[in-house]
Every structure is written in C-alpha cells, then in structure tokens.
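J.: Please find the sequence and the predicted model below.
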Amino acid sequence: MDTLRNMKMFVEVAEAGSFTAAAQQLDTTTGYVSRSVSELEAHLRTRLLNRTTRRIALTEAGERYLVRCLSILESVTEAELEASEAHARPAGTLRVHAMSSIGQNYVVPAVAAFQERFPAVTVDLTLSQNVPDLLEDGYDVALRTSPRPLPDSNYISHHLGIVHSVLCASPAYLEVHGRPETAADLSHHMCLQVSVPIFPADRWTLIGKDGQHEFLLPTTRFKVNLADAMAAALIEGMGIGALPALTVRSAFRNGTLVRVLPDYYLQDLNIYLVYASRQYLDAKIKAWVEFLKEWIGDALREDDTLVRMTAGAGASDAV
C-alpha cells in the first residue's frame, strides 16, 4: 500500500467535502479516490469518514488523523523543496580532499574566493598524501596529482592543468657552493629529493632544448615526504632540490629561492578534479567544480609565467 499517496487522497477528501470534488482536484476518478481512502481505513483498522448519500463527515479518529497527515505532508513538501534547492542553490557543507601542496597553495585561496561568491556553503577541507575513496570516505570532490593520466574509473575527472617541477636553491647556498652550469655539475652539490611515490627516489630527469638527461642522485643526509617541507629546507640553505612551481611560487617572488639550471625542467605533474557523478549533481558541488576549473587554470598560467621569467633571458622557451 502507498500510505503517503492514500494520506494525500484522504486530506483532499476531508478538505473538499466529497469524493467527487476531491477527484476533480486530483484529476482522477471518484472510484479511485474512494478505494484509496477505504484502503487507508483498512490499514489503520479505523473509520476515518462517515459517509451518507448526501455528505461525508470526519469521525473523531479522522479529525485527529487529519491533523497528523497535514503535518506529515507539510514536512514531505519541505523535504522535497530542500532537496530541489540543493540542485539549484549552492548551500550546505562541501567536503573536499586535496594533496597537501595543492591544498595549501591552491585550494585554500580558492576556498576563500569561492565562499565570497557562495556564502551559504561551508567547506570541510582535508589535506593528506593518501588517495581517498570518495564514496567510502564521504568526500564530495577530490584534487589529485599524477605524472600520468588517471586510470579509468567510475568517477568523473577533469584535467585542470600541468605543474612544472624545477630545480631551485637559496641565494645563500649558491653564494657559498657556487651555481651549477651543467647537469654534470650537480654531482658536486647537496641534492635533496622529496620522497613521494609518484617520482623516482634515486634520479632526476632533466628536460631541455638539448634533450633529456638522467641525473642519478647521490646519497643525501636529508629526505622529507612533503614538498612544502623541502621548500623550507632549501630556503635554509641545505642544498638544491626539485619542486613543483606551485610550492615555490612565493619563494620565487620574494627571492628566498631562485632557479638552478633554468634551461631545464623536470617531470610534469597533472592536476585532476575528481567527483562521483554528473547526474543530479548537488548545486554546491557543481558550483565548486566550475569555479575551481577556472580558478586553478588561472593560477597555473600565472605560475607558468613566473617559472618562465625565472628561467632568464634566452631560456624561457625551455619550460
């Protein structure tokens, strides 16, 4: 039995004062309305309406039940409107996951700009190096980085752009140890590598106008698993390191880090936006996806320009 449908039929009859009038309001037959109310009474084992050939009247139980039905149907209507508005108006809590460097350097500033435009949205951001399961872990959207295209999955993904990785060091380190002029010169320096699974731990692949060079990293006294921590180590003068441009954008602007071997860059890193489904997409998710595609695209172009400027005259085409 469809209890909710039968409740609606009962309320319409009680308010219209007859089965015929109710049927006309609902654009159905009198017999269908009468059977629905009778089915409801049989289910409740209670008479709700006293019927005569001339009129109908609510029983005492029917009067009490009508009050409850009106309250229930009002709640159902509110729930439907709320669900519909979720599709039309960005509001509520948006749960986002991002890799640490992407999150700190791109997502946090993006959230600030997004919430100015959509103040009814609360953002719950998680930063970690782990790749989450969106459905099991309860995330609406995730930002992922990968040197290769993402494998096929049931999720929707958007390629937001590419981050270049470059070699850099502090001016203080280079003043003491000298600036390498060729890839081979790196063997005379303290070369630091971020320990992450997506890149080889024992080598740098340097790409430039003269082709590709493999540089085997010597044993180092310092390793760390976060790019932002490596940037801090390089600023302290601990050596030369390879970092994505997004991590060193501020350091390049304020001069605490500079490019090393500016005619070369390292492996590209793809940024992807991942979410569960396009169908009936919640308005806050849809708004965030469209906003982030534009916002991060602009940020990547700005950082790419910064990287090209730091390459120096005559070397800008190398990156």
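T.: Yep, that arrived. Residues are numbered from 1 along each chain as shown.
J.: all contacts plus neighbour counts: C-alpha atoms, from now on.
T.: Fine.
J.: Quick one: residues in contact with whatever helix or strand S101 lives in.
T.: Taking DSSP states H and E as the definition, S101 sits inside helix 100-102. With contact meaning Cα atoms under 8 Å, 6 or more residues apart in numbering, helix 100-102 is reached by 127-129, 143, 226-228, 246-247.
J.: Swap in 10 Å and give it another go.
T.: 106-108, 126-130, 143-145, 226-229, 244, 246-247, 271, 296 (Cα atoms under 10 Å, 6 or more residues apart in numbering).
J.: which residues in this structure form strands?
T.: Ranges of strands within the chain are 49-51, 56-58, 92-98, 121-127, 141-146, 156-163, 165-169, 191-192, 203-208, 211-216, 240-244, 258-260, 269-275, based on DSSP state E.
J.: With S75 as the reference, name the closest of those strands.
T.: Of all the strands of the chain, it is strand 92-98 that lies closest to S75, at 19.2 Å by Cα to Cα.
J.: Contacts only, for the most centrally placed residue in the chain.
T.: Centroid check for the chain by Cα atoms, centre = their mean gives V141 as the closest residue, at 2.7 Å. Neighbour list for V141: 94-98, 125, 134-135, 156-157, 273-276, 285-286, 288-289 [criterion: Cα under 10 Å, 6+ apart].
J.: Just the buried residues out of these, in ChimeraX syntax.
T.: This is the ChimeraX syntax for the buried subset of the contacts of V141, where burial follows 16 or more other Cα atoms under 10 Å:
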select :94,95,96,97,98,125,134,157,273,274,275,276,285,286,288,289
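J.: follow-up on the earlier one: pipe the strands of the chain into a markdown table and attach mean pLDDT and distance to A184 per row.
T.: Shown next, in a markdown table, are the strands of the chain (pLDDT from 0 to 100; distance: least, Cα to Cα, whole Å):
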| stretch | mean pLDDT | distance to A184 |
| --- | --- | --- |
| strand 49-51 | 86 | 95 |
| strand 56-58 | 87 | 95 |
| strand 92-98 | 93 | 36 |
| strand 121-127 | 94 | 37 |
| strand 141-146 | 89 | 28 |
| strand 156-163 | 89 | 25 |
| strand 165-169 | 92 | 14 |
| strand 191-192 | 90 | 12 |
| strand 203-208 | 86 | 11 |
| strand 211-216 | 84 | 8 |
| strand 240-244 | 91 | 14 |
| strand 258-260 | 93 | 13 |
| strand 269-275 | 90 | 24 |
